[in-house]
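Student: quick one, what's the 3D model for this:
(chains A and B)
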Amino acid sequence: MRVRQLSKPAAGTALACALLMGGWFAGPVSGRAGAASHVDAPSTFADPPRDGSDLYAFTSPEAPDTVTIATDYHPLQLPGNAVTLYPFMTDTRYEIHADSSGDGRPEVTYRYTFRTQDKRPSGTAAAVTAPVRSLADKAVVFRQTYTLEELRPGKPARTLVDQGAVAPSYAGSRLMPDYDALRKDATKTLPGGGRSYVGQIADSFLFNIGPYAKIRFGIPLVPEINPVSLLNANTMTLQVPKQALAFKGDPRRNPVIGIWATASRRTVDVQGGEEAAYAQVSRMGQPHVLETMFPDSLPVVGVPGGLSDQFQTRSPAQDGDWGAMIKQFREPFAPRNISFATGAAAPANPRTDLVDFFMNGVEKVTTFSVNQDVDRAAVRPAEVLRLNMSTPVSKSPHRETLFEGDPEGYPNGRRFVDDADAIQMRALMGGLLGAETGFLTRNNLIKTPPKPSTGTFPYRPLPH
Amino acid sequence: MTGKTIKTLGALGRRPAATGLACVVVGAVTAGLLSLSPDAPPRPAHGNPAASAAAQDVPAQIDARRAWLREHPKDATVWAGLALGYLEQARRTADFSYYGRAEKALKRSLSLRPGNVTALVGMGTLANARHDFAAAERWGEQARRAEPGNWTVYPVLADAYTQLGAYPKATAAVQRLLDLKPGVAAFTRAGYELEMQGRTDAAEGALRRALEDAAVPAERAFCLHRLGELDWERGRPEQAYARYEEALRADPGAHAALAARAKAHAALGRTEAALTDYRTVTERVPLPEYVLAYGEFLDSLGRKDEARLQYEVLRAQIRLLEGQGAGDDLTLGLFEADHGDPAVAVRKLTAEWSRRKSALVADALAWALHRSGRSAEAAEYAAAAAQLGWRPASFAYHRGEIERALGRKDEARRLLAAALKTNPHFSPLDAPAARKALGGIS
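Tutor: Prediction:
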């Protein structure tokens, strides 16, 4: 079967190209341009401004009593120019949730909402009409501001940022000779400690299409390139004190948290309610989980309404009861592909080690049993990005983290330098069961994110 | 503010070739990968017409799926996808011979993988298209039991329950769809739902949001046509006309917008333009409702012979549709009541009422009873039709005439005036009749 498949690549390629082009060009026509590099659920894919592409969480290197949580949206933005603009949506709540009790429900949620002021002359696209070095400049004619609220169950919402400025999409070096200055204008200090930056960045995703092809399709010898390496994304990068995140405000006794990010869109109430309801349309926890574990996750070949679409609308609290999702971890499709592409032997199903890896955490490191004050009986399995806030910042971080003796980084939070696909590939091939997996990824050519992080908040590389 | 936002999004839409280039690069890479895969082959998109996710080139998609299935005849998902492509094509071209092909493909899919939700949704969509709403409900409920979190189930259920007159269930299905997948499929259905509740402004708001999301010409045209209909029903033919025009600019093949533009031309006194549009649309897509509207317009111009010819076409067309399992007893009933045999209309519509208790059927049955001289019985059904918040001019006219026949003058006067106030142009034959009747009530 494989041989036959491989013997007819030309026709297949042409067909797939045609289909993909059809799907991806639907965007620009509609005013929703671009395509998610981090190919996601079939439906979210069609909606880049609300398509969460990456979630990072790590102890801030130069402020170790804080955690930085970065949520990136709308990937595949073009390098800076005067005719493209990638605003945040004003009918959407972009939220970061942190669960510190382990029940899959947030103890705290940070909610970003946006407003737009558009005074652009008609027919122009850039956010500025003349070169600017400051967001206060009158030549900034397209502005977005945001409100950041902290929500805790049973307590009134607390506004952390009111009318915070968003750094507009980079319009090129002529109109924005010093984007870093604009970015400083768009960085806010939070009451009680912490900071927030909202704007454009160079995409930080350490992605390598070569190994990904092995995981997803079982194809060896695909050139190693990072397709997002020249593209930008939008970010909400948030730094908050560890006390704000930890259970009972005590990061020493309760250092483990579970983080996920959602985008919820204002919908319509047809049942007579006055309040506009919000519907969750995007969810992200650990990197590339859908792409690596859900067979129906790709655009075009994906099934609208299928598992990946359903994942986007669900809450981690429901994960433990969602047999269809657990099955993806117990009986993963990827190890067979990797075996085919590399010759390595895959462990036999069922893969309880993968269920643990994705839904319970690493024993004694990121499982909620580490937290001394939580009710163990209430802890639920959930696909979230776990972080042990007591893990010190590594002096010499390694991109393959726990497999290479670095206790920090994915699956213990996620840093920009972590190679999530390589780590998942090793886990899929039994790396957590003691199998030798280093050879699978050792010779990868891409070892770093496309553009290095800056040393201080917001850490994100300036847009291309 | 809202207008500004819309403008912004519009401006963003005209993004230049650079975005396309990015798509090509990434697309080519992914496409290459897909085509080489041993296990996840370059399967053609299965699409979903309810969502219009696959609203690009439908014939090309059908061809791609058929080509795929020649090599992989056991791929249940693509069989279901092929059927959904046929159904979308049937909807766009009104060529209902696609229904038979869709059914065959769906049965194949279900025999390969019994109970697969894509095929169940396809069966439900097909049943709705064939006006077999009870069957659509069964398929939709079966799909919902299998995957309650799958949003593609809810358009089928919403449409089926609406047409069955099970309005609370329809409302719940639309809400569930909105909560799972706020997008074109949900917002357009919300528009219809709110319109039926009599919340016309909210309906317009929902349709505007659908329009903002509409990704392809066919979707845009659909939303614009529906927005035009809201204007039309509120007696604003000029605004409605502009919407229909815009819809046709977006998608010249949007036959519903063309038929609607014909009636707007007529209302605005542009008889020749109206006749041209009616001729074009009935030649291209002879749906019974378009042919009936054309015939009635000719009738209203005193061109009785030509009108009679269209009525003959209508009868033939309905027989043809019945042969394809897609009868339209509602249009046929209204036609028989006005231009044929009211007794036949009563028989057809009574049968239809036994199948579904929708406001549209109640109104049509009331009218048929009245035209058969059974106005007292008609009054009950007319009241049933008015139970929703929805108040189209034609309902008020029918009810007004029934009240007039029963000698209840005040009520008749009120209803006839309401019909003309809601939409003075609601029908080329009935609006003048309403005016005459109103003048005649002493």
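
Student: can you pull the buried residues of stretch B:163-172?
Tutor: By neighbour count with 16 or more other Cβ atoms under 10 Å in any protein chain shown, stretch B:163-172 contains the buried residues B:163-167, B:169-172. Glycine gets a C-beta too; all of them are placed from N, C-alpha and C.

Student: name the nearest residue to residue A:208, ignoring sequence neighbours.
Tutor: Counting by Cβ to Cβ, 6 or more residues apart in numbering or on different chains, residue A:446 is the residue found nearest to residue A:208 once chain neighbours are left out, at 4.2 Å.

Student: surely the one you found is in a helix?
Tutor: No: in this structure, residue A:446 is coil, not part of a helix, as judged by DSSP: H, G, I helix; E, B strand; the rest coil.

Student: these two touch, right, it and residue A:224?
Tutor: Yes: at 5.5 Å, residue A:446 and residue A:224 qualify as touching, with contact defined as Cβ atoms under 8 Å.

Student: which one's more surrounded, the two?
Tutor: Each of residue A:446 and residue A:224 has its neighbours counted (other Cβ atoms under 10 Å in any protein chain shown); residue A:446 has more, 20 against 15.

Student: show me which residues of the stretch 301-450 of chain A sit near chain B.
Tutor: For the stretch 301-450 of chain A, the residues in contact with chain B (Cβ under 8 Å from any Cβ of the partner chain) are A:301, A:303-306, A:309-310, A:313-314, A:333, A:336-337, A:340.

Student: dump the residue contacts of the most centrally placed residue in chain B.
Tutor: Note on chain B: the residue nearest the mean C-alpha position is residue B:256, at 8.6 Å, using Cα atoms, centre = their mean. Residues in contact with residue B:256, defined by Cβ atoms under 8 Å, 6 or more residues apart in numbering or on different chains, are B:222, B:225.

Student: name the element it belongs to?
Tutor: Element membership for residue B:256 (DSSP states H and E) is helix B:255-267.

Student: is residue A:338 in a helix, a strand, or coil?
Tutor: Classification of residue A:338 into helix, strand or coil gives helix, according to three-state DSSP.

Student: what's the answer for residue A:257, then?
Tutor: strand.

Student: and it, how far is that from chain B?
Tutor: Going from residue A:257 to chain B by Cβ to the nearest Cβ, to the nearest Å gives 27 Å.

Student: count the neighbours of that residue for me.
Tutor: There are 32 residues near residue A:257, going by other Cβ under 10 Å.

Student: now the residue nearest to the spatial centre of chain A, what are its backbone angles?
Tutor: For chain A, the residue lying nearest the average C-alpha position, counting by Cα atoms, centre = their mean, turns out to be residue A:54 (1.6 Å). Residue A:54 adopts backbone torsions of phi -150, psi 150, taken as degrees, to the nearest 10.

Student: go on, the one 3 residues further on?
Tutor: Taking degrees, to the nearest 10, you get phi -150, psi 130 for the backbone angles of residue A:57.

Student: which ones are touching it?
Tutor: With contact set as Cβ under 8 Å, 6+ apart, residue A:57 has these partners: A:67-70, A:259, A:385, A:387, A:413-414.

Student: ok, now residue A:416?
Tutor: For residue A:416, the contact set (Cβ under 8 Å, 6+ apart) comprises A:56, A:204, A:206, A:449, A:453, A:459.

Student: which residues does the last one contact?
Tutor: Contact analysis of residue A:459 by Cβ under 8 Å, 6+ apart lists A:68, A:70, A:237, A:416, A:453.

Student: how close does it sit to chain B?
Tutor: Residue A:459 is 25 Å from chain B, by Cβ to the nearest Cβ.

Student: try the fourth one
Tutor: In this structure, residue A:449 and chain B are 18 Å apart, going by Cβ to the nearest Cβ.

Student: what's the closest non-adjacent residue to that residue?
Tutor: Of all residues beyond its chain neighbours, the one nearest residue A:449 is residue A:206 (4.5 Å), with distances taken as Cβ to Cβ, 6+ apart.

Student: that neighbour contacts residue A:399, doesn't it?
Tutor: Yes: with the criterion set as Cβ under 8 Å, residue A:206 and residue A:399 qualify as a contacting pair; they are 7.1 Å apart.

Student: need the overlap of contacts for those two.
Tutor: In terms of Cβ under 8 Å, 6+ apart, residue A:206 and residue A:399 are both contacted by the residues A:417-419, A:448.

Student: which two of the residues you listed have the greatest separation?
Tutor: A:418 and A:448 (10.7 Å; Cβ to Cβ).

Student: more neighbours, those two?
Tutor: Neighbours around residue A:418 and residue A:448, counted as other Cβ under 10 Å, are more numerous at residue A:418. The numbers are 26 against 13.

Student: so where's the stretch 251-400 of chain B uncertain?
Tutor: Within the stretch 251-400 of chain B, no range satisfies pLDDT under 70.

Student: give me the common contacts of residue A:446 and residue A:224.
Tutor: With Cβ under 8 Å, 6+ apart as the test, residue A:446 and residue A:224 both reach A:208, A:210.

Student: what about residue B:271, how many neighbours?
Tutor: Neighbouring residues of residue B:271 were enumerated by other Cβ under 10 Å; the total is 13.

Student: ok, for it, nearest residue in space, not its chain neighbours?
Tutor: Nearest-residue entry for residue B:271: residue B:301, 6.9 Å, with adjacent residues in sequence omitted and distances by Cβ to Cβ, 6+ apart.

Student: and residue A:159, which helix or strand is it part of?
Tutor: Element membership of residue A:159, judged by DSSP H and E, is strand A:158-165.
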